[in-house]
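K.L.:
For reference, the sequence and a predicted model appear below.
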There are 2 protein chains.
Amino acid sequence: MSAALRSFVNGEEGDTVAALDRALHYGDGLFETMACLGGQVRLVDRHLARLTAGAARLGIATPAEAALRAELRRAASGHQRAVIKLIVTRGLAHSRGYAPSSSAMANRIMLVYSWAQDDGRAISEGVRVRTAALRLGENPALAGIKHCNRLEQVLARAEWSDPAIAESLLYSSGGALISGTMSNVFLVRGSGLVTPRLDRCGVAGVMRATVLAIAADLGIVASEERLVAEDLEGSTEMFLTNALIGIHPVRELDAVPLAPGPLTRRLQEALVARLADGGAHGG
Amino acid sequence: MSAALRSFVNGEEGDTVAALDRALHYGDGLFETMACLGGQVRLVDRHLARLTAGAARLGIATPAEAALRAELRRAASGHQRAVIKLIVTRGLAHSRGYAPSSSAMANRIMLVYSWAQDDGRAISEGVRVRTAALRLGENPALAGIKHCNRLEQVLARAEWSDPAIAESLLYSSGGALISGTMSNVFLVRGSGLVTPRLDRCGVAGVMRATVLAIAADLGIVASEERLVAEDLEGSTEMFLTNALIGIHPVRELDAVPLAPGPLTRRLQEALVARLADGGAHGG
């Protein structure tokens, strides 16, 4: 268990789960990957809201939010800088087969990982990005939420090993730009911001929501749209977001250079201010 | 752990797995559900071949087939009638994130469940079937293999609870008939057999392959095709297959009666003979 500093299963220190857990059998669960800074979970309200929405969609009876919040607080305390991953599963498979049991109690696994310093160069100079060969299947029933069926992301991430490439952009089987393997993507078009609509696939990131909220506060027009490859050509800036990295400008896509631009910089600055201000909560 | 009679983790009796297992985090694994009769695993060659093909597709380093075979033999011995489920995962997540580690060793979980007598009425009279509201996403990278990303099946199975309904037929997002939630589907058209092509989604069942092999032996024309809802209207018989049930005729689809027909009966008889004969192996 060297990869995790600490782990808790259903609130108790522990590093094993039952072999009958449905997340192991079917990926039947949800997760959140959270930044922990100064002993507090950043954007915890947004993370818990997404988890709750995912649980409602999948029909998973999650533990009470107050209890999860208390456990997160406990896991985060004393960690100046860490990543906390929370997995909530549908619980044990009391009988064989796909049918969820109405009596299943959700299991929760909380893992605390070390977290290196922010990648200052990625923040200032931007990152290099490629386009994935794999395309995401489309299923509105699973779109937007952060469920544990992530083989597409695993396969897409296995497409490259060059550490100089930070991320891969994924398109849907229908040809729409969706996201990175572990990030959301934004384009700057004119004076406005646009990000893929995630109603058929993709994960609606908490940092994506935060950036959209910041844009609204700053009076920047931002929209969620169906985007295709041609839309990249008409854009002047591109950046990636996730709960850990914040905003990383894209400085190269498939070996074509791109310049981190003024709107990206403005949003980065506003994000730093917002996270310093209220990041422990709503963000 | 009441649902399983016995469980083995990496060859040792045990009922827990590491909280870092990638199957728990991402559904990053494969499984086989096998009939065990008279102390032997039925269709074991086909099950192991599919597992191997799935592992090659996902880049999972499975244990040697001979070792798996020996473990299956050990798990099956002494069980006159049981179900054995084997899960092979990519192993532990040695670091956070989707990237598979090249050093990960696959984990294997083997669960032995009790198995009730065959459902004689389902075999003779047929089963009632409905059509799922959920549609399957299409991804050729994941089609055909029996991986652990099964939220679609979980959600589809949660659509109904009437025990008089045995199965639900699933269509793809593109409108093609694919399978049941836990079975493959065959139609009889004229004097021939047709079953959905599974190159975009669905699981290529071992019983499906066995039925196709039987059809070939009997000189029955059988093809894998892209089928749509209208193709059901032009068919005279319909049946479901999986490794445990064998062949179940469909006697009602969405409250419309269907008669189990002569070709279904012929295949059922041939299957019984084949499984009695060489079922412990190739089938």
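P.N.:
In hand now; what should we look at?
K.L.:
Note down every partner strand of the strand or helix carrying residue A:238 and its orientation.
P.N.:
Using DSSP states H and E, residue A:238 falls within strand A:237-242. With DSSP bridges as the test, strand A:237-242 is paired with strand A:184-189 (antiparallel), strand A:246-253 (antiparallel).
K.L.:
Go ahead and confirm residue A:210 touches residue A:43.
P.N.:
Yes: if you go by CB atoms under 8 Å, residue A:210 and residue A:43 touch, sitting 6.5 Å apart. C-beta here means a position set from N, CA and C on the backbone, and glycine is covered the same way.
K.L.:
Need the three-state assignment for residue A:121.
P.N.:
helix (DSSP: H, G, I helix; E, B strand; the rest coil).
K.L.:
What residue in the stretch 51-200 of chain A comes nearest to chain B?
P.N.:
Nearest residue of the stretch 51-200 of chain A to chain B: residue A:137, at 3.0 Å (CB to the nearest CB).
K.L.:
Could you tell me how many residues sit around that residue?
P.N.:
Residue neighbour count, defined by other CB atoms under 10 Å in any protein chain shown, stands at 27 for residue A:137.
K.L.:
about what we covered before: make CSV out of the strands paired with strand A:237-242 and add mean pLDDT and mean neighbour count.
P.N.:
Below are the strands paired with strand A:237-242 laid out as CSV (pLDDT from 0 to 100; neighbours: other CB atoms under 10 Å in any protein chain shown):
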stretch, mean pLDDT, mean neighbour count
strand A:184-189, 97, 22
strand A:246-253, 98, 22
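K.L.:
could the ones you listed go into a markdown table alongside distance to residue A:66?
P.N.:
Formatted as a markdown table, those follow (distance: least, CB to CB, whole Å):
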| stretch | distance to residue A:66 |
| --- | --- |
| strand A:184-189 | 29 |
| strand A:246-253 | 28 |
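K.L.:
between the ones you listed, which one is nearest to residue B:246?
P.N.:
Residue B:246 lies closest, by CB to CB, to one member of those: strand A:184-189, at 46.7 Å.
K.L.:
Next secondary structure element downstream of the closest one?
P.N.:
Following strand A:184-189 in sequence order, the next helix or strand is strand A:192-196 (DSSP H and E).
K.L.:
neighbouring contacts of that following strand?
P.N.:
Strand A:192-196 is contacted by residues A:176-179, A:184-188, A:202, A:208, A:211-212, A:215, A:220-227, A:231, A:235, A:263, A:267 when judged by CB atoms under 8 Å, 6 or more residues apart in numbering or on different chains.
K.L.:
what's the answer for stretch A:31-44, then?
P.N.:
The list of residues contacting stretch A:31-44 from outside it, by CB under 8 Å, 6+ apart, reads A:47-48, A:50-51, A:69, A:72-73, A:75-88, A:112, A:115, A:146-148, A:206-207, A:210, A:242-244, A:275, A:279-283, B:25, B:96.
K.L.:
Most distant residue from the centre of chain A?
P.N.:
Distance from the C-alpha centroid of chain A peaks at residue A:95, with 32.0 Å (CA atoms, centre = their mean).
K.L.:
what are the phi and psi values for it?
P.N.:
Note on residue A:95: its backbone torsions stand at phi -140, psi 160 [degrees, to the nearest 10].
K.L.:
ok, back up a step: now list the buried members of the contacts of stretch A:31-44.
P.N.:
A:47-48, A:50-51, A:72, A:75-76, A:79, A:82-88, A:112, A:115, A:146-148, A:206-207, A:210, A:242-244, A:275, A:279-280, A:283, B:25, B:96 (16 or more other CB atoms under 10 Å in any protein chain shown).
K.L.:
now the residue of chain A at minimum distance from chain B: how far from residue B:223?
P.N.:
The minimum distance from chain A to chain B, using CB to the nearest CB, falls at residue A:27 (2.5 Å). As judged by CB to CB, to the nearest Å, residue A:27 and residue B:223 stand 32 Å apart.
K.L.:
Kindly report the same for residue A:274.
P.N.:
Distance, residue A:274 to residue B:223, by CB to CB: 59 Å.
K.L.:
Comparing the two, which residue is more hemmed in?
P.N.:
Taking other CB under 10 Å, residue A:274 and residue B:223 do not tie; residue A:274 has more neighbours (19 against 12).
K.L.:
Surely that one touches residue A:210?
P.N.:
Yes: Residue A:274 is within contact range of residue A:210, at 7.1 Å (criterion: CB under 8 Å).
K.L.:
Residue A:50 belongs to a helix, doesn't it?
P.N.:
Yes: using three-state DSSP, the assignment for residue A:50 is a helix.
K.L.:
Assess the claim that it and residue A:208 are in contact.
P.N.:
No: between residue A:50 and residue A:208 there is no contact under CB under 8 Å: 10.5 Å.
K.L.:
buried ones in stretch A:94-109?
P.N.:
For stretch A:94-109, the neighbour count (16+ other CB under 10 Å) marks A:94, A:96, A:98, A:99, A:100, A:104, A:106, A:107, A:108, A:109 as buried.
K.L.:
could you list every residue that touches the fourth one?
P.N.:
When contacts are counted by CB under 8 Å, 6+ apart, residue A:99 touches B:157, B:158.
K.L.:
shaky segments in the stretch 51-200 of chain A?
P.N.:
Scanning the stretch 51-200 of chain A for pLDDT under 70 picks out no residues.
K.L.:
if I pick residue A:142, what's in contact with it?
P.N.:
Counting by CB under 8 Å, 6+ apart, the residues that residue A:142 touches are A:149, A:201, B:137, B:151, B:152, B:155.
K.L.:
And residue A:123, by the same measure?
P.N.:
Shown in contact with residue A:123 (CB under 8 Å, 6+ apart): A:245, A:246, A:247, A:248, A:249, A:268.
K.L.:
Grab the nearest non-local neighbour of residue A:97.
P.N.:
residue B:182 (6.6 Å; CB to CB, 6 or more residues apart in numbering or on different chains).
K.L.:
what about stretch A:174-194, distance to the chain center?
P.N.:
In terms of CA atoms, centre = their mean, to the nearest Å, the centre of stretch A:174-194 is found 14 Å from the chain centre.
K.L.:
Do me a favour and get the end-to-end distance for that stretch?
P.N.:
Its start and end residues considered, stretch A:174-194 measures 19 Å (CA to CA, to the nearest Å).
K.L.:
secondary structure class for residue A:209?
P.N.:
Following three-state DSSP, residue A:209 is assigned to helix.
K.L.:
and residue A:45, what are its phi and psi?
P.N.:
Torsion angles at residue A:45 (phi, psi; degrees, to the nearest 10) stand at phi -60, psi -40.
K.L.:
Neighbours of it, how many?
P.N.:
Using other CB under 10 Å, residue A:45 has 16 other residues around it.
K.L.:
and what of residue A:163?
P.N.:
Neighbour count of residue A:163, defined by other CB under 10 Å: 6.
K.L.:
That one falls within a helix, correct?
P.N.:
No: Residue A:163 is assigned coil when assessed by three-state DSSP, not a helix.
K.L.:
if I look at it, how far off is residue A:119?
P.N.:
Residue A:163 is 12 Å from residue A:119, by CB to CB.
K.L.:
where do the helices sit along chain A?
P.N.:
A:22-26, A:44-58, A:65-76, A:120-124, A:151-157, A:206-218, A:229-233, A:262-278 (DSSP state H).
K.L.:
counting contacts, what elements does the last one pack onto?
P.N.:
Where contact means 3 or more CB pairs under 8 Å, 6 or more residues apart in numbering or on different chains; DSSP states H and E, helix A:262-278 is packed against helix A:206-218, strand A:237-242, strand A:246-253.
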